[in-house]
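A.B. asks: how would this look folded up:
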Amino acid sequence: MVSKHNKPLTIAIDGFSSCGKSTLAKQIAKELGYIFVDSGAMYRAVTLYFLEHSIKIEDPVEVQDALEHIEIRFENQDGINTTFLNGKNVEAEIRSLAVSSLVSEVAALPAVRKKLVALQRLMKGREGLVMDGRDIGTVVFPDADVKIFITADPIVRAQRRYNELLAKKQNADLHEVISNLAHRDKIDTERKDSPLRQADDAWLLDNTHLTISEQFDAVLGKISEIIGK
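C.D. replies: Numbering: from 1, shown residues only. Now for the predicted structure:
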């Protein structure tokens, strides 16, 4: 158990797709009594809106206009962090493979990143905050008190994602999931605006061979260590 800290901490958890960042962030936030923000869900919500309204992502004017009509918020429903897009619960829709196939392209758009980074920064207040994503420790909160970077073997990540889709009764093909993750990794790491990378002062954790509980214990121990310094 992390001892109480006088100053509310900002904890940034970054890493590759399907590394279990959100699961970990939720656990840490619950343990510490902090607010949890899934930044990836925000990009997925924007992607869903673009898909539903046939927004051409190569048209900057069309993208900017669409962004003016998007409102995203989170609610805790029966202990589950739920994403709302323009007042509608879209938690299931944003996890679809259709959204996953386009979200990295949407997230690479400068206008989208500018809007969502601004919204994410507004979420930092007097309470402790845990936020996961790809540029939280490098761009959104470069001064975060704790920075964790999560990675894992690509095939292991794909299998986890595949199992997650099956558990949600969504159609999935393992080879398609592997291809999708490789595609997203390439875009996430090579985009010009806020690419996915480990912050210089972030702690690297490879969870390829860790269970969810082992990962939680390792990160909680690291947070305690950082706080104690």
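
A.B. asks: list the buried ones in the worst-scoring helix or strand of the chain on mean pLDDT?
C.D. replies: Across the helices and strands of the chain, mean pLDDT, DSSP states H and E gives its lowest value to strand 72-77, namely a mean of 82. Applying a neighbour-count criterion of 16 or more other C-beta atoms under 10 Å, one finds 72, 74 buried in strand 72-77. C-beta here means a position set from N, CA and C on the backbone, and glycine is covered the same way.

A.B. asks: following that strand, which helix or strand comes up?
C.D. replies: Of the helices and strands lying after strand 72-77 in sequence (DSSP states H and E), the nearest is strand 80-85.

A.B. asks: what's in contact with that following strand?
C.D. replies: Contact with strand 80-85 is made by 26, 36, 38, 41-42, 44-45, 48-49, 70-76, 89-91, 94, as judged by C-beta atoms under 8 Å, 6 or more residues apart in numbering.

A.B. asks: residue ranges with poor pLDDT in the chain?
C.D. replies: 1-6, 79, 229 (pLDDT under 70).

A.B. asks: where exactly do the helices run in it?
C.D. replies: Assigned by DSSP state H, the helices in the chain fall at 21-32, 39-52, 60-67, 97-107, 110-122, 154-167, 174-190, 212-228.

A.B. asks: which strands and helices sit next to the last one?
C.D. replies: Put plainly, it is helix 212-228. In this structure, helix 212-228 makes packing contacts with helix 21-32, strand 146-151, strand 203-206, judged by 3 or more C-beta pairs under 8 Å, 6 or more residues apart in numbering; DSSP states H and E.

A.B. asks: wait, which of these is closest to residue 189?
C.D. replies: strand 146-151 (11.4 Å; C-beta to C-beta).

A.B. asks: who does the closest one pair up with?
C.D. replies: Pairing partners of strand 146-151, with direction, according to DSSP bridges: strand 10-15 (parallel), strand 203-206 (parallel).
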